[in-house]
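[1] only the shape, not the letters, is given here:
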């Protein structure tokens, strides 16, 4: 996975070659990280998404060094990291038996938001709230990296919330409020990835 080349020379490899390598290494990386599921389809989603995310993460006028280790890292500021965070949030909702199709503005209106005022929850809420600003900034500046940076921040914010808080608690009001925040984070990540042309898997 140590292959490295300058973006200016990427054309020598060819777009199809890069994607093919990405799919292959995506599968290998998932196996190494012990992620199960349908590896053939997931490897394509992760591999292609990793390349797209990396390309759009760099500023339009900046050169950078492309390495597979960095692009396919599940712990860094990468596409696979964001995709895995989306899958983690989806898993929480599945385990809670939440039907996301039935979530609505009415659910938010009836939620007791006093249960999501802890530091990590509050920071996550602020990041979600600022997502439209990041999209507008990206559109005005023709700079998709504004979106990649923001959804990385949302992913990091959700993971901190996930580790700091017990989401599936017995208290129904607290559980509902935390699940709504989980859904909001998941949907924000999904929307951001969709704007970048990257798929958001429900399982990884």
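    Okay, I see it. Remember, predicted model here, so these are calculated numbers, not experimental data.

[2] name the element the most centrally placed residue in the chain belongs to?
    Nearest to the geometric centre of the chain sits residue 82, at 2.4 Å (C-alpha atoms, centre = their mean). Assigned by DSSP states H and E, residue 82 belongs to helix 79-95.

[3] report the buried residues of that helix.
    Neighbour-count burial for helix 79-95, counted by 16 or more other C-beta atoms under 10 Å, picks out 79-90, 92-93. Bear in mind the C-beta positions are built from the backbone N, C-alpha and C, glycine included.

[4] now the strands for the protein?
    4-6, 65-67 (DSSP state E).

[5] of these, which shows the lowest average pLDDT?
    Sorting the strands of the chain by mean pLDDT places strand 4-6 lowest, at a mean of 42.

[6] so where's this structure shaky on pLDDT?
    1-41, 59-74, 104-106 (pLDDT under 70).

[7] so how far is the lengthiest helix in it from its chain's centroid?
    When the chain is parsed with DSSP state H, its longest helix is helix 172-196. Here the centre of helix 172-196 is set off from its chain's centre by 11 Å, with C-alpha atoms, centre = their mean, to the nearest Å.

[8] and if you look at stretch 102-120?
    A distance of 22 Å separates the centroid of the chain from that of stretch 102-120, by C-alpha atoms, centre = their mean.

[9] and it, which residues are buried?
    For stretch 102-120, by 16+ other C-beta under 10 Å, it's 103, 111, 115-116, 120.

[10] run through who's touching that stretch.
    Residues outside stretch 102-120 that contact it (C-beta atoms under 8 Å, 6 or more residues apart in numbering): 122, 125, 157, 160-161, 164-165, 171, 173-174, 176-178, 180-181, 183.

[11] ok, back up a step: angle of the helix holding residue 82 against helix 172-196?
    150 degrees (axes from the mean of the first three to the mean of the last three C-alpha atoms, to 10 degrees).
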